[in-house]
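Asks: Sequence isn't available, so here's the structure alone:
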């Protein structure tokens, strides 16, 4: 079975062959400009306490994070939206190891700035069996230090790809979260984090399973 990294590499090769070089250059430059900021360094990291928050899931039911933590540790995966191919590949890969998470008493939860209806569309399109929380306006992601505004030069490019971020998110702010994955203990402590301003880089699910086993062996979960 292909790893997530291999699937992303295969997608990148297709993208390189189909998207004009000058557009790819603009996209790469925007990523580099984001990397030059302090956003990645200012994001929530291992050892910190994640603030409790309450958000609606894809069915519109609002529950606090503490509700899920009461059931066990949580892997919280923050993604940009169902319009993002990398996010879809990542969510599919995480969903594939969902039985391994559950066997360890761990709950997988997605978090996106998309509206609940858009989140449900993403779940349906990808055949995902997880809870996704709708962080409209990126309020929670902002509190975690993950939010940025999509560069002006990228907006017409995204539109040419058929990506309508305002329609998905329900506002016209063009703010997005940097993709991030957190392992959160039942007391709200961040036990592991993966944050990268390059949206094409994602944590390997097998790595998360190994991290969970290490944490369990250390008595942290």
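Replies: Ah, there it is. Keep in mind that what you see is a predicted model, and the values were worked out from it rather than measured.
Asks: so residue 56 touches residue 133, yeah?
Replies: Yes. Contact status for residue 56 versus residue 133: in contact at 7.0 Å, counting by CB atoms under 8 Å. All C-beta atoms are positioned from the backbone trio N, CA, C, and that covers glycine.
Asks: More neighbours: those two, which one.
Replies: More crowded of residue 56 and residue 133, by other CB atoms under 10 Å: residue 133, with 23 against 17.
Asks: Which residue, neighbours along the chain excluded, lies closest to the more buried one?
Replies: Nearest non-adjacent residue to residue 133, counting by CB to CB, 6 or more residues apart in numbering: residue 55, 4.1 Å away.
Asks: check which helix or strand covers the one you found.
Replies: strand 54-56 (DSSP states H and E).
Asks: Give me the next element, helix or strand, following that strand.
Replies: Under the assignment DSSP H and E, the closest C-terminal helix or strand after strand 54-56 is strand 62-64.
Asks: Report the buried residues of the following helix or strand past that next one.
Replies: Following strand 62-64 in sequence order, the next helix or strand is helix 65-69 (DSSP H and E). By 16 or more other CB atoms under 10 Å, the buried positions in helix 65-69 come out as 65, 68-69.
Asks: Serialize these to CSV and add fields for distance to residue 123 and pLDDT.
Replies: CSV is the format used below for the buried residues of helix 65-69 (distance: CB to CB, whole Å; pLDDT from 0 to 100):
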residue, distance to residue 123, pLDDT
65, 19, 98
68, 17, 98
69, 22, 98
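Asks: Just name the closest of those residues to residue 194, please.
Replies: Comparing these against residue 194 with CB to CB picks out residue 65 as the nearest, at 18.3 Å.
Asks: Can you pull out the residues in contact with stretch 192-200?
Replies: Stretch 192-200 is contacted from outside by 8, 12, 31, 34-35, 37, 39-40, 43-46, 80, 84, 86, 146, 148, 178-183, 202-203, 208, 211, 215, using CB atoms under 8 Å, 6 or more residues apart in numbering.
Asks: Now, of those residues, which are buried?
Replies: Buried among those by 16+ other CB under 10 Å: 8, 31, 34, 39-40, 43-45, 80, 84, 86, 146, 148, 178-183, 202-203, 208, 211, 215.
Asks: Sort out for me which of these are in helices.
Replies: Using DSSP state H, the subset of the buried ones among the contacts of stretch 192-200 located in helices is 8, 31, 34, 39-40, 86, 208, 211, 215.
Asks: Sort out which one of the residues you listed lies nearest residue 73 for me.
Replies: Taking those together and measuring to residue 73 by CB to CB, the closest member is residue 215, at 7.8 Å.
Asks: Neighbours of the closest residue to the closest one other than its chain neighbours, how many?
Replies: Closest residue to residue 215 apart from its sequence neighbours, by CB to CB, 6+ apart: residue 221 at 4.6 Å. Neighbours of residue 221 under the rule other CB under 10 Å: 22.
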